[in-house]
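Undergrad: here's my sequence, what's the structure:
(2 chains)
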Amino acid sequence: MGYTTLLRIARMATLLIVQLVILNHLHLFGYATPLLIGYMMICFDTSTSRTTSLLWGFATGIIFDLFSNTAGVGAASCTLLAMVQPYLLKLYMPRDVNELFKPTIQTLTLQKYICYILSCMGVIHFAFYMLQAFTMADFWLTLGAIIGGTLLASLFVVCIEFIIHNKKEDTEVISGQ
Amino acid sequence: MQNLIDFIVKYKHWFLFLLLEIFSLSLMFRFNSYQGSVFFTTANSMVGGIYSTVNGVTSYVSLGDVNARLEADNEQLRAEIYEMKRVLAERHIDTLRFNGFERSKFRFIGAKVVNATLQRSNNTLTINKGEKDGIRPEMGVICSSGVVGIVYLTSTNYSIVIPLINTNSKVSCRLGKSNFFGTLEWHHGDPTRAQMVGVPLHAKIKKGQLVETNGFSDIFPSSIPIGHVESVETAPDGLSHMITVQLSTDFNTLQNVSVITNYFHAERRLIEQQADSLLEDDGNADLL
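TA: This next block holds a predicted model:
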């Protein structure tokens, strides 16, 4: 088991714990719950094979479903995001990059990164809330949940990215001294 | 085959994606009651729609067979209609129905009773049809409920009928189902009852038993109702029954009658007279 795999397992565990323990009880405007587990798929770099990303996405989703009583909804949403994530990343990454590309604020710039995060979070929230509602009767309510959850989850992701970025800079400064 | 394998390997992530999505959605429909009910309701309606469409197409395809069956039915119905028309052309419509009725022998002429006497011993009826209409003496007269009488005199436009309630009336009759014969007479008095005489004492007679014409006289066809047995007594001669018959015909309200024309009656009468005269001649010769 390589470092990348261990890192992904640790990331998945952390995200699931945060999601299940904290975020599942956070309801913006009463119904918009941010799905931070989407960050798991957002972090995949260009070297990750499609099959691998799909299996990771499905695993994340199914574990989320097990503890959220949303059988299949989370798994379907995460698998969908894992499938479209490479295409979304390709939209925002520089065209002249041929080697490994990891989506971060530094590599994409803040503006593009936010757009990328919003796109990915939009996909997972759209899929999740549409499947959960499974009707167009309360479309505006569902749309509100999608937008609210997307914005809130994107905000969390950006915050996490900033924290990680600052930590890295601090580490670099310390090692430089 | 290699191309197929290459295709599957190249797009394996798509197949995996579909597989995982199908699995996820099946979980969702299986374990979420709301989504499950919506899915299965929609699926049922879709399947119902598909079945309906398939049924419509199948019905349309099988219209040829239906058409062939209808054609065969039409052919059969046409044949039956033709046969019925042919039979109807040979028949004459009549309002009276009698068992053993010989249509080719008897014809019926409708008439109305224009005058009637019911209180005398020699009662008569006058009807508004006469010789001009083909009516001759000794023709039977009936109505819808049974026997009325026999034509006695005819003029051009009218006829006199001797009804059953005339002391001179004698009509040959029989007891229904037992075939014992007798003669119906009327002994002045009640116009609703007559007497049947000549039935042997060993005949078993039941109250209410039908009395009808026996067809011997050639005036009436057989099996025309006359009345029902009301009571049975022994005749004054002590050798036969005298049966009181409740007449079927109500002479008090009688209006419409039918005269039975039998144009072979004269021929029969002639040959019977010839036979009688010949027998009388033979008898005289033997005596000589």
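
Undergrad: and the strands in the stretch 101-250 of chain B, which stretches?
TA: B:107-116, B:125-127, B:140-143, B:146-154, B:159-163, B:171-175, B:181-185, B:193-200, B:210-213, B:225-234, B:240-247 (DSSP state E, counting those that start in this stretch).

Undergrad: show the pLDDT at B:Glu185.
TA: Looking at B:Glu185, its pLDDT is 91.

Undergrad: run through the bridge partners of the residue nearest to it when sequence neighbours are not counted.
TA: Leaving aside its sequence neighbours, B:Glu185 sits nearest to B:Gln195 (CB to CB, 6 or more residues apart in numbering or on different chains; 5.3 Å). C-beta: built from backbone N, CA, C; applies to glycine. Taking DSSP bridges as the rule, B:Gln195 bridges to B:Glu185, B:Thr244.

Undergrad: how many other residues sit next to B:Gln195?
TA: Other residues lying near B:Gln195 total 17 when counted by other CB atoms under 10 Å in any protein chain shown.

Undergrad: isn't it right next to B:His241, touching?
TA: No: counting by CB atoms under 8 Å, B:Gln195 does not reach B:His241; the two are 9.8 Å apart.

Undergrad: averaging pLDDT over each of the strands of the stretch 101-250 of chain B, which comes out lowest?
TA: Among the strands of the stretch 101-250 of chain B, strand B:107-116 scores lowest, with a mean of 83.

Undergrad: show me what contacts A:Gly61?
TA: A:Gly61 makes contact with A:37, A:74-79, B:24, according to CB atoms under 8 Å, 6 or more residues apart in numbering or on different chains.

Undergrad: quick one, phi psi at it?
TA: phi -60, psi -40 (degrees, to the nearest 10).

Undergrad: show me the shaky parts of the chain.
TA: Assuming you mean chain A. Low-confidence segments of chain A (pLDDT under 70): A:1, A:170-177.

Undergrad: ah, I was thinking of chain B
TA: Scanning chain B for pLDDT under 70 picks out B:79, B:82, B:92-105, B:263, B:283-288.

Undergrad: near chain A, which residues of it are found?
TA: By CB under 8 Å from any CB of the partner chain, the residues of chain B that approach chain A are B:12-13, B:16-17, B:20-21, B:23-32, B:34-35, B:38.

Undergrad: are any of the residues you listed buried, and if so which?
TA: The neighbour count (16 or more other CB atoms under 10 Å in any protein chain shown) marks B:13, B:16-17, B:20-21, B:23-25, B:27-29, B:32, B:35 as buried among the residues of chain B next to chain A.

Undergrad: can I get these in JSON lines with secondary structure?
TA: Supplementary listing: these in JSON lines, determined by DSSP: H, G, I helix; E, B strand; the rest coil:
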{"residue": "B:His13", "secondary structure": "helix"}
{"residue": "B:Leu16", "secondary structure": "helix"}
{"residue": "B:Phe17", "secondary structure": "helix"}
{"residue": "B:Leu20", "secondary structure": "helix"}
{"residue": "B:Glu21", "secondary structure": "helix"}
{"residue": "B:Phe23", "secondary structure": "helix"}
{"residue": "B:Ser24", "secondary structure": "helix"}
{"residue": "B:Leu25", "secondary structure": "helix"}
{"residue": "B:Leu27", "secondary structure": "helix"}
{"residue": "B:Met28", "secondary structure": "helix"}
{"residue": "B:Phe29", "secondary structure": "helix"}
{"residue": "B:Asn32", "secondary structure": "coil"}
{"residue": "B:Gln35", "secondary structure": "helix"}
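
Undergrad: in stretch B:223-238, what's buried?
TA: Those would be B:223-230, B:232, for stretch B:223-238 by 16+ other CB under 10 Å.

Undergrad: who in chain A is up against chain B?
TA: So chain A meets chain B at A:49-51, A:54-55, A:58, A:61-62, A:65, A:70-73, A:75-76, A:79-80, A:83, A:131, A:134-135 (CB under 8 Å from any CB).

Undergrad: give me the buried entries from the residues you listed.
TA: A:50, A:54, A:58, A:61-62, A:65, A:70-73, A:75-76, A:79-80, A:83, A:131, A:134.
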